[in-house]
Structures are given as structure tokens and as C-alpha cells.
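> what's the 3D shape of this:
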Amino acid sequence: MSGTKQLTPAMRETFGKIADLLIPAYNHLPAATAVGVHGKLLDDVLTFRPDIVDAFMRGLGTIEAGTLSANLNSLYRDDPEAFGALSLAASGGYYMSPEV
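Below you'll find the predicted structure:
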């Protein structure tokens, strides 16, 4: 799928930080990156949901690791479609993991 081919290692790392902020470890459940949500699971989500790729890439492009929380809050307010795509990719990948 063309969307996953555009993802650089740095973009995957940024997405992993987003995913861990949205889905941290809790009790017996692992954090998002602990199950690889920023790797093959992300590829799978974007393959299964090509309709979110543009919004996902747009949202990911606005995030800076140093101001992650503020950037996500702004994205939520200013571009809910992009925020939703990032959230869907994180939660969808997470719940596709056998570990979860």
C-alpha cells in the first residue's frame, strides 16, 4: 500500500510516541509500542483502511516530538479528521495485537 511506503523510521517513531500517549501501559496491558503498533500493525491498519491514509499522513506531519501533547491537542481542535485517523490507527493496531 502506498501509504505505508511513505512512512520513514522517524515517522514511525513519532507515531509510536503518539500511540503511547493515547494508549499507555495500564495494569497488565502493555503500552502501544510494546506490541509494535508503529510497525507491521500500522501497515495492516493503513492497508485495511486506505480511506484514512491521507488524514493520517496529514496529522502525523503536524506532530513534533518535543511538543507532542500540545500538538495533539491542537490537532484535535483544528483537524479532527486527522486526529481521528491517528487515534484509529493506534487503537486499531493495538487491538489487532494477539498480546492485547
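
> going forward, measure contacts between C-alpha atoms and count neighbours the same way
OK.

> which residues of this structure score low on pLDDT?
Low-confidence segments of the chain, defined by pLDDT under 70: 1-5.

> Surely residue 100 and residue 29 touch.
Yes: in this structure, residue 100 is within contact of residue 29 by C-alpha atoms under 8 Å, at 6.7 Å.

> any idea how far residue 93 is from the closest residue to residue 25 other than its chain neighbours?
Nearest residue to residue 25 in three dimensions, chain neighbours excluded: residue 31, at 3.9 Å (C-alpha to C-alpha, 6 or more residues apart in numbering). Counting by C-alpha to C-alpha, to the nearest Å, the gap from residue 31 to residue 93 is 12 Å.

> Next up, phi/psi of residue 63, please.
When read as degrees, to the nearest 10, the backbone of residue 63 gives phi -90, psi 130.

> what's the spacing between the residue lying closest to it once chain neighbours are set aside and residue 87?
Residue nearest to residue 63 in three dimensions, not counting chain neighbours: residue 71, with 5.7 Å by C-alpha to C-alpha, 6+ apart. The span separating residue 71 from residue 87 equals 14 Å under the rule C-alpha to C-alpha.

> Please apply the same query to residue 38.
Going from residue 38 to residue 87 by C-alpha to C-alpha gives 12 Å.

> Hmm, residue 13 and residue 39 touching each other?
No: the pair formed by residue 39 and residue 13 falls short of the contact definition of C-alpha under 8 Å, at 9.2 Å.

> The closest residue to residue 14 other than its chain neighbours - how many residues pack around it?
Counting by C-alpha to C-alpha, 6+ apart, residue 14 lies nearest to residue 65, which is 6.3 Å off, once chain neighbours are set aside. For residue 65, the count of nearby residues is 13 (other C-alpha atoms under 10 Å).

> which residues sit against stretch 22-36?
16-17, 19-20, 87, 90-91, 94, 97, 99-100 (C-alpha atoms under 8 Å, 6 or more residues apart in numbering).

> let's see 6 Å
16, 19-20, 94 (C-alpha atoms under 6 Å, 6 or more residues apart in numbering).
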